[in-house]
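Novice: predicted model and sequence follow; I will ask about them next.
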Amino acid sequence: MRQQRFQNKVATGRFILPVALLISAICWTVTVTLFPDTGTGTEDSNWPLWFKEVSDRLPQGIFSPLIGFALYVLTTFFLTNLNNIFSIIRIQTSIQSFLFLLLITAFPQLYTELPGLLVGLSFLTAFYQLFGSYRQERSSGAMFNAFAFAGIASLFVPQTLLLTPLLWIGAANFQSFNLKSLLASIIGFILPWWILLSYTVLTGTNQTFFHQLFDETLLYRPIGYGFESWMAFPLGFLFLLFVTGSFHYLFNGYDDKIRTRAYLYFLILFGTCLFAYIGLQPYLLTALCPLLLIIVSLLAGHLFALTSNKLSNVFFVISLIGISVMFVYHVWILL
């Protein structure tokens with residue numbers, strides 16, 4: 001019987017999630033204790049105006065990091081369920097959630113980046129609905145839900161409006177796109193904005209809505225706007241994981257079901273566009289990074305769970321070392 005390699009033991013291990021959660025909690029506690037101002041403050045952030053106003057009314061100090069920690073733990077749970085329901089990785093594993101926890105822990109800048117964490121959770125929920133519409137004749141309900149969550153994401157980070165059309169491409173590939181589902185998706189996307197408009201009218205703060213709609217949705221800034229030298233290492237590392245996972249799937253995905261192939265092709269397309277968007281507009285890195293980590297974790301998890309050779313095992317070990325180095329690097333930047 002062939003001996004399992006380290007990556008396979010981790011991928012099929014029953015306790016990898018508790019271990020990752022423990023590591024994450026320790027790193028989170030140490031970082032927040034040593035650097036209470038970790039992350040982006042509301043004063044100099046790209047947070048929407050209405051979200052800044054809401055945040056100013058909430059308790060300060062440890063409250064924001066606590067909410068951030070709860071959000072990425074919830075995202076981890078959703079990632080596990082996504083694989084269990086749609087079998088994106090054809091074996092029972094939690095390695096995608098394990099990787100997500102470690103990767104997001106390595107980004108202390110995200111601990112208080114609540115809009116970005118909410119965007120990641122919103123799009124992950126939209127993926128649930130979109131994947132569930134696969135080959136459905138009556139897909140209007142699923143499309144409405146998917147685009148409603150995409151609309152919610154755009155309230156937190158208006159620039160995600162440019163990512164929303166990718167859901168239509170996914171629906172077309174899943175054979176669930178028709179005139180009724182198109183209309184349902186448009187209504188679903190508009191609904192959160194309509195609720196925000198209603199709220200601002202009732203509270204007499206119409207300026208908040210129109211500032212959100214006509215000012216903060218300036219989707220395109222000069223190429224390279226907001227780039228800082230520290231971004232090169234994490235973006236390069238994440239891109240390496242993404243490209244390796246994508247190429248592995250493109251050349252070895254024939255063992256998966258047709259439905260699973262459609263899901264993974266969509267994730268590769270979405271991730272490619274996301275990297276291109278962040279590359280052109282680096283100031284959005286922290287806002288879109290949680291969503292990017294979800295995509296990278298799924299594709300890298302697929303690679304590590306379904307390969308078993310010396311090269312992949314070495315790459316897995318190097319990836320874990322890289323995540324550790326990235327955490328130390330980001331902590332060093334905060335010093």
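Specialist: On my side now, so go ahead. Residues are numbered from 1 along each chain as shown.

Novice: just the helices from this structure, written as ranges.
Specialist: Under the criterion DSSP state H, the chain carries helices at the ranges 6-12, 16-34, 49-57, 63-86, 95-105, 114-132, 140-156, 165-173, 179-203, 206-214, 232-252, 258-280, 285-306, 310-334.

Novice: between those, which one is closest to Y220.
Specialist: Counting by Cβ to Cβ, Y220 lies closest to helix 258-280 out of the helices of the chain; the figure is 8.3 Å. C-betas here are computed from N, CA, C, even on glycine.

Novice: that closest one to helix 165-173, inter-axis angle?
Specialist: 160 degrees (axes from the mean of the first three to the mean of the last three Cα atoms, to 10 degrees).

Novice: what residues sit buried inside helix 258-280?
Specialist: 260-271, 274-275, 277-278 (16 or more other Cβ atoms under 10 Å).

Novice: tell me which other helices or strands it touches.
Specialist: helix 63-86, helix 165-173, helix 232-252, helix 285-306 (3 or more Cβ pairs under 8 Å, 6 or more residues apart in numbering; DSSP states H and E).

Novice: return the most buried member of those.
Specialist: Ranked by mean neighbour count under mean count of other Cβ atoms under 10 Å, these are led by helix 285-306, which reaches a mean of 26.

Novice: for L298, what are its contacts?
Specialist: By Cβ atoms under 8 Å, 6 or more residues apart in numbering, the contact set of L298 is 79, 82-83, 88-89, 96, 267.

Novice: hmm, back to that, reformat the helices of the chain as CSV; add distance to P222 and mean pLDDT.
Specialist: Converted to CSV, those look like this (distance: least, Cβ to Cβ, whole Å; pLDDT from 0 to 100):
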stretch, distance to P222, mean pLDDT
helix 6-12, 42, 86
helix 16-34, 32, 91
helix 49-57, 22, 64
helix 63-86, 30, 89
helix 95-105, 29, 95
helix 114-132, 22, 94
helix 140-156, 22, 94
helix 165-173, 23, 95
helix 179-203, 27, 87
helix 206-214, 20, 59
helix 232-252, 18, 93
helix 258-280, 9, 95
helix 285-306, 16, 94
helix 310-334, 24, 93
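
Novice: give me the residue at the spatial middle of this structure.
Specialist: In the chain, the centroid-proximal residue (Cα atoms, centre = their mean) is L291; its distance is 1.6 Å.

Novice: list the contacts of the closest residue to it other than its chain neighbours.
Specialist: Of all residues not flanking L291 in the chain, G120 sits nearest, at 4.4 Å (Cβ to Cβ, 6 or more residues apart in numbering). G120 makes contact with 75, 290-291, 293-294, according to Cβ under 8 Å, 6+ apart.

Novice: how close does G120 get to Y199?
Specialist: Counting by Cβ to Cβ, to the nearest Å, the gap from G120 to Y199 is 24 Å.

Novice: also I268?
Specialist: Taken as Cβ to Cβ, the span from I268 to Y199 is 38 Å.

Novice: now do A150
Specialist: From A150 to Y199 the distance is 19 Å (Cβ to Cβ).

Novice: so between those two, which is more surrounded?
Specialist: A150 (27 against 13; other Cβ atoms under 10 Å).

Novice: wait, doesn't that one sit right on F123?
Specialist: Yes: with contact defined as Cβ atoms under 8 Å, A150 counts as touching F123 (6.8 Å).

Novice: mutual contacts of those two, please.
Specialist: 160, 163.

Novice: not counting its neighbours along the chain, what's nearest F100?
Specialist: S297 (4.0 Å).

Novice: er, I16 I mean
Specialist: Per Cβ to Cβ, 6+ apart, closest to I16 is F98, 4.6 Å.

Novice: measure that neighbour to G68 for me?
Specialist: In terms of Cβ to Cβ, F98 sits 19 Å off from G68.

Novice: now L21, nearest residue through space, not along the chain?
Specialist: Nearest residue to L21 in three dimensions, chain neighbours excluded: L101, at 6.3 Å (Cβ to Cβ, 6+ apart).

Novice: and that neighbour, what does it touch?
Specialist: Contacts of L101 (Cβ under 8 Å, 6+ apart): 17, 20-21, 23-24, 72, 76.

Novice: could I get the residues you listed as JSON lines with distance to I323?
Specialist: Listed next are the contacts of L101 as JSON lines, based on distance: Cβ to Cβ, whole Å:
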{"residue": "L17", "distance to I323": "16"}
{"residue": "A20", "distance to I323": "11"}
{"residue": "L21", "distance to I323": "15"}
{"residue": "I23", "distance to I323": "10"}
{"residue": "S24", "distance to I323": "11"}
{"residue": "Y72", "distance to I323": "15"}
{"residue": "T76", "distance to I323": "15"}
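
Novice: so which of those residues comes closest to G170?
Specialist: T76 (22.9 Å).

Novice: and the closest residue in space to the closest one that isn't next to it in sequence, how many neighbours?
Specialist: Excluding its sequence neighbours, the residue lying closest to T76 (Cβ to Cβ, 6+ apart) is S97, at 4.7 Å. A count of nearby residues for S97, using other Cβ under 10 Å, gives 26.

Novice: so who does S97 touch?
Specialist: S97 neighbours (Cβ under 8 Å, 6+ apart): 17, 20, 76-77, 79-80, 297.
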